[in-house]
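[1] Provide a 3D model corresponding to the input given below.
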Amino acid sequence: MPGEIVLENTLVIQKAEVLNMEKGKASEKDILRAAAGGNKQAYQKIVTRYKSTAFYVALGFVKNVQDALDISQDAFIRAFRKIKKFDQSKAFYPWFYIILKNLCLDYLRKQRRMREIPIEKINVFEDESRNLEIRDALWKGIEMLPLVQREVIILKYFHQYSYQEIAEIIQKPIGTVMSSLYYAKKKLRKILTPYLKWSSSVEMEK
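    You can find the predicted model right below:
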C-alpha cells in the first residue's frame, strides 16, 4: 500500500508465527487450571504454544541462539514450579514474560562480553519471503538497540501489546514506553531505508 512505512510493513511479516501460536487461546485458562493441578501434559501445551515466542524474546536480549534456547527453557521450568501462585484470572504470557525477562537480565549481568552470532546464520523465520535481506537487517538493528528500546519494539510489534500493557510488563512509565518506541523506530528506519526500492517516496511515521 503506497505510503505505508517500511518498519511496520516489515514487522507484519515477522508476527505471523506469533499470531499462529496464539490460535486456540480460548481454552488456555482450562489448560492452565489443569497445569496448576500438576498436569504436566497440560503444561506442555502451554510450552508448545509459547516456546517460539519465548525464544525470540530471549534472543532479542542475549543475542546468542544457544543461550536464548537455554534461558527460554529455564523460564518454562521456573514458571511451572510457580504455576500454583499464578492468578488464573489474568493472562499467562505477561506473567511468564517477567520470569523470562529476569532470567535474561541475570544472564546479561553475568556476561562481561556479549557473544554475537551473525544473524545470517540464524534461521529465525521459516516463511519464504523475498524480504529476507530486509528481515536480517531488521534483526541486526534490533540487536543494537538499548535494552528498553529492544523489548518495547518486540512487545509492540511482535506481540501487539498496547502501550499500557507494555508499561505494566516492563514496569516503566507509559511515557518511557512511547519515547523508547519512537527512538527505536527512528533508528530502525535509518537502517532499513537503504533496502527500499521506493525509499524516496516512503512517508515516515511521525
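[2] Tell me the secondary structure at Gln160.
    Under DSSP: H, G, I helix; E, B strand; the rest coil, the three-state class of Gln160 is coil.
[3] How many residues are close by it?
    Using other CB atoms under 10 Å, Gln160 has 12 other residues around it. To be clear about C-beta, it is placed using only N, CA and C from the backbone, and glycine gets the same treatment.
[4] so where's the longest helix in this structure?
    helix 40-62 (DSSP state H).
[5] what is the mean pLDDT for whichever strand or helix holds Arg135?
    Take DSSP states H and E as the rule and Arg135 turns out to sit in helix 132-144. Mean pLDDT, computed over helix 132-144, is 76.
[6] again, but for stretch 39-46
    The pLDDT scores in stretch 39-46 average 91.
[7] in it, what's buried?
    Within stretch 39-46, the residues that count as buried by 16 or more other CB atoms under 10 Å are 42-43, 45-46.
[8] one step back: show me what the helix or strand following the helix holding Arg135 is packed up against.
    With elements assigned by DSSP H and E, the helix or strand that comes after helix 132-144 is helix 147-153. Applying 3 or more CB pairs under 8 Å, 6 or more residues apart in numbering; DSSP states H and E, we find helix 147-153 packed against helix 40-62, helix 132-144, helix 163-170, helix 174-192.
[9] Flag every buried residue along helix 147-153.
    Applying 16+ other CB under 10 Å to helix 147-153 flags 148-153 as buried.
[10] Kindly report the same for stretch 103-112.
    For stretch 103-112, the buried set under the neighbour-count rule, 16+ other CB under 10 Å, comprises 103-104, 107.
[11] can you redo those residues as JSON lines with distance to Ala79, secondary structure and pLDDT?
    Output for these, formatted as JSON lines (distance: CB to CB, whole Å; DSSP: H, G, I helix; E, B strand; the rest coil; pLDDT from 0 to 100):
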{"residue": "Leu103", "distance to Ala79": "10", "secondary structure": "helix", "pLDDT": "92"}
{"residue": "Cys104", "distance to Ala79": "14", "secondary structure": "helix", "pLDDT": "87"}
{"residue": "Tyr107", "distance to Ala79": "17", "secondary structure": "helix", "pLDDT": "84"}
